[in-house]
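K.L.:
Sequence and predicted structure are below.
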Amino acid sequence: MAETSDTRTPAQIEADIRRRREVLAETLDEIGVRVHPKTIVGDAKAKVVAQVDHTVGRAYVQVNRAVTEVRAQFVDEDGALRLERVVPVALVAVGVVGLLALGVRRRGR
């Protein structure tokens, strides 16, 4: 229970003032650290890094899922290629590359 001022001795009052000064000094030091530009910049960098890590992690999961889905279209459960799907895609790719090469060659003339 808090003592009233009329029951405390001058030494007790001085000790209480000292304790309060120490607590106040610690609080001011903590505030000084929190508002220091380096602390603010460091906190901002940490938040950005955390957000980038989160975004990169989500992107990785989405890309991994997409690659797995595409792979499932061209490879069966045993790991063998599904030629009935690979050959048409390969032919289309060769045709597109051929058309692009023709277009580049014609522009060069």
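P.N.:
Perfect, I can see it now.

K.L.:
Off-centre distance for stretch 37-55?
P.N.:
Its chain's C-alpha centre and that of stretch 37-55 lie 9 Å apart, by Cα atoms, centre = their mean, to the nearest Å.

K.L.:
Run through who's touching it.
P.N.:
residue 33 (Cβ atoms under 8 Å, 6 or more residues apart in numbering). For the C-beta atoms, the positions are set from N, CA and C on the backbone; glycine is no exception.

K.L.:
tell me which residues in whichever strand or helix holds residue 105 are buried?
P.N.:
Using DSSP states H and E, residue 105 maps to helix 83-108. Of the residues in helix 83-108, none count as buried by neighbour count, 16 or more other Cβ atoms under 10 Å.

K.L.:
Output the contacting helices and strands for that helix.
P.N.:
For helix 83-108, the elements it packs on are helix 37-74, judged by 3 or more Cβ pairs under 8 Å, 6 or more residues apart in numbering; DSSP states H and E.

K.L.:
what does the domain assignment say about this structure?
P.N.:
Per the record, the chain has its domains at 10-74, 82-109, by automatic domain parsing.

K.L.:
can you list those in TSV and add mean pLDDT?
P.N.:
Formatted as TSV, the domains of the chain follow (pLDDT from 0 to 100):
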stretch	mean pLDDT
domain 10-74	94
domain 82-109	89
